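A.B. asks: What follows is a predicted structure for the sequence shown.
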Amino acid sequence: MADVKLNIAGRVYDVHCADGQEPQLIQLATLVDEKVRSMPGGTEIRQMLFAALMLADEAQEAKGKADKAEPQSDSLRAAVALAESREAQARDELKAALAELAELKKAPPTEAVQPRPSHDRALLQIADRIEALATKVEQIP
């Protein structure tokens, strides 16, 4: 156990604490001392009482803010999970497209087939899809 001397409102207090906790305890005592010194007049006990009440009020207010922020963090976690899922899906689609492309490159050349107008639309849709996948790949870290 460590011994720490704390100075609060001009009075020294000897306090025992776990080894390594001295800096934290000194910081807390400094905070209490600041609150006590901000209380004008009154007895030392009254100053300590009001300082304790003010610190308790601040702690309660901080807890309320943390409780209000928790639902927001839940929705952010859900959004991140959805984004990660979509990223994984895009990666899978890209891998499949690359594998298909590799297979097409391995295949022996075939006779050129005269394109038909109905093929033009399909080719444009494929080109658009490839462009979209390429854009997703460029955004992957």
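C.D. replies: Noted; the coordinates are in hand.
A.B. asks: if we look at stretch 2-14, which residues are touching it?
C.D. replies: Here stretch 2-14 makes contact (Cβ atoms under 8 Å, 6 or more residues apart in numbering) with 15-22, 25-26, 29, 32-33, 36-37, 44, 47-48. In this view, the C-beta of every residue, glycine as well, is placed from N, C-alpha and C.
A.B. asks: Any chance of a ChimeraX selection covering the buried ones in those residues?
C.D. replies: Listed next is the ChimeraX selection for buried residues among these, using 16 or more other Cβ atoms under 10 Å:
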select :25,26,29,32,33,36,47,48
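A.B. asks: What about the contacts of stretch 2-14, which are in helices?
C.D. replies: 22, 25-26, 29, 32-33, 36-37, 44, 47-48 (DSSP state H).
A.B. asks: mind listing the helices in the chain by residue range?
C.D. replies: 22-37, 44-106, 117-139.
A.B. asks: What is the burial count for the closest residue in space to G42 that isn't next to it in sequence?
C.D. replies: With Cβ to Cβ, 6 or more residues apart in numbering as the criterion, G42 has its nearest non-adjacent residue at 7.6 Å, and that residue is F50. Neighbourhood size, F50 [other Cβ atoms under 10 Å]: 15.
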